[in-house]
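Enquirer: What would the 3D arrangement of this be:
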Amino acid sequence: MNTDSIFTTDLFLLDNPNDLISIDKWQKTVNLLAELFEAPAGFLVQYTQEGFQVTIASEQETNPYPSGIVIEPQANIFCRKIVETGEALYVNNALLDPCWDTNPEVHNDGFRSYLGVPVFWPCGAAFGTFCVMDYKETDYKKSYIELITQLKELLESDLALIGSYAQMQQLAITDPLCNVNNRRGFNILAEQRIKLAKRTGGLLCLLYLDIDQFKCVNDKFGHGVGDAVLQSVAQVLSDCVREADVVGRLGGDEFVALIALDNMSELANIKQRLTDAFEKVQNASSIPKVTVSIGNTFITESEDISDLLDAADRDMLDKKRGLAR
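Expert: Predicted coordinates:
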């Protein structure tokens, strides 16, 4: 379970539209770019490992590349150079530079001039390029490069909005102390995971964990030490489950994990792995030694997430009472 990734940068926006992005505004910006430069083609191009996709193409009959086309990542195109260097690129006549001899934009489509600037996601990763292309040699002044830089910052402001919104969403569903899902986040993700399992016939189990005598830890060592114990439990739980499993802290010293199982007999191995991992972490650190009671319930067709939590909680309490006797 990973909460570090705030937003996805490796999917094409055209294939995964975002309500925060105004494609119409982006289209107007690209059209304006081509008009100001008196260029036959202007583009916003996005890069992922799949290649270079034309996100926005200027709406001109002279533009041979429509929105949506994808150019393979290894193609010797101008945009690839910008993504690799992270710097602006101006080629006033590509025929004069042999490095562009294998560029399909030059030798297949007849372009001679290219001016482009890098566009970045708010995390600093390359989004792609903002560029104009011409069929003839050009001689752009320095002010033109400043102009295209100013226009691309309008596009980056929209990408920053995606990042800010994603961060707010992440904060709303993440426990700040333990860096796992809070109750709200767990419920949202668990419901999605349960729906998927019901469609595919997957076996899911809900684990409910409670730290034994945790109040005594706080009373004896202070809340700072108690926080360290909570963080260690969250870390062990996250490390011992699969990436696709859902981990959460419901509050206090109560944690949950919705885990996928290959078969029911696998549950005993997972519980033992958790117990061993808790002991190993405590032996290797200065935090007080604690034990953890673990209850569980298997996911059924009829129960919702609240019923499942209640069932797993009751099973955990039964095990805790058994230890106390």
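
Enquirer: Now do the helices in the stretch 201-325 of the chain.
Expert: For the stretch 201-325 of the chain, the helices defined by DSSP state H, counting those that start in this stretch occupy 214-221, 223-240, 266-283, 305-324.

Enquirer: quick one: the shortest one to chain centroid distance?
Expert: What that stands for is helix 214-221. 37 Å (CA atoms, centre = their mean, to the nearest Å).

Enquirer: which residues sit in contact with Leu237?
Expert: Leu237 is in contact with Val180, Leu209, Val247, Phe255, Ala257, Leu274, counting by CB atoms under 8 Å, 6 or more residues apart in numbering. C-beta coordinates here come from the backbone N, C-alpha and C atoms, glycine included.

Enquirer: Which of the helices of the stretch 201-325 of the chain sits closest to Thr29?
Expert: helix 223-240 (42.0 Å; CB to CB).

Enquirer: list the buried ones in that closest one?
Expert: The neighbour-count check on helix 223-240 (16 or more other CB atoms under 10 Å) flags Gly226, Ala228, Val229, Leu230, Gln231, Ser232, Val233, Ala234, Val236, Leu237, Ser238, Cys240 as buried.

Enquirer: give me the low-pLDDT residue ranges for the chain?
Expert: 1-7, 19-20, 165-167, 169, 301-302, 323-325 (pLDDT under 70).

Enquirer: now Pro98: how far from Val106?
Expert: Pro98 sits 11 Å away from Val106, going by CB to CB, to the nearest Å.

Enquirer: out of these two, which sits in the more crowded spot?
Expert: Neighbour count, other CB atoms under 10 Å: between Pro98 and Val106, Val106 has more, with 23 against 8.

Enquirer: In terms of helix, strand or coil, where does that one fall?
Expert: Look at Val106: counting by DSSP: H, G, I helix; E, B strand; the rest coil, its state is helix.

Enquirer: Make 174 the first number, not 1, from now on.
Expert: Will do, 174 is the new start, and the previous item becomes Val279.

Enquirer: what's the spacing between the nearest residue to it once chain neighbours are set aside and Gly424?
Expert: Spatial nearest neighbour of Val279, excluding adjacent residues (CB to CB, 6 or more residues apart in numbering): Ala267 at 4.6 Å. According to CB to CB, Ala267 stands 62 Å off from Gly424.
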